[in-house]
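# fold the following, please.
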Amino acid sequence: MRFLFTMNMPSFTGNLVHQIVGDYPVDTLEELMEMMGESDFITVTEVYKDTERRPATYYTKGPIMLNCMHIGMVKEFVE
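As a prediction, this is how the structure comes out:
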């Protein structure tokens, strides 16, 4: 399932809001919450938007580990 993670840290480019779109192998937001409650880190497949295409498409950038202590908000990703 695809989620939008808002991190409690600035982005690489210095933006105060750092958001990551990622896929995680669960069926619900509640299942993700359970996994995050049991782990210090989770590994998600990071997803980027290809703005060159119309309509825009998404492509994966590979795995990225997220520190659950630095995740401020998670919601199901809806474009």
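# tell me where this structure has strands.
For the chain, the strands defined by DSSP state E occupy 2-7, 18-23, 41-50, 57-67, 71-76.
# quick one, which of those strands gets closest to Met33.
Relative to Met33, the nearest member of these by C-beta to C-beta is strand 71-76, separated by 7.7 Å. (C-beta placed from N, C-alpha, C; glycine too.)
# would you confirm that Gln9 contacts His70?
Small correction: residue 9 is Met, not Gln. Yes. Applying C-beta atoms under 8 Å as the test, Met9 and His70 come out as touching, 5.6 Å apart.
# give the contact list for Asn8.
Counting by C-beta atoms under 8 Å, 6 or more residues apart in numbering, Asn8 touches 70-72.
# neighbour-wise, which of those residues leads?
Using other C-beta atoms under 10 Å as the neighbour criterion, Ile71 leads those with 17 neighbours.
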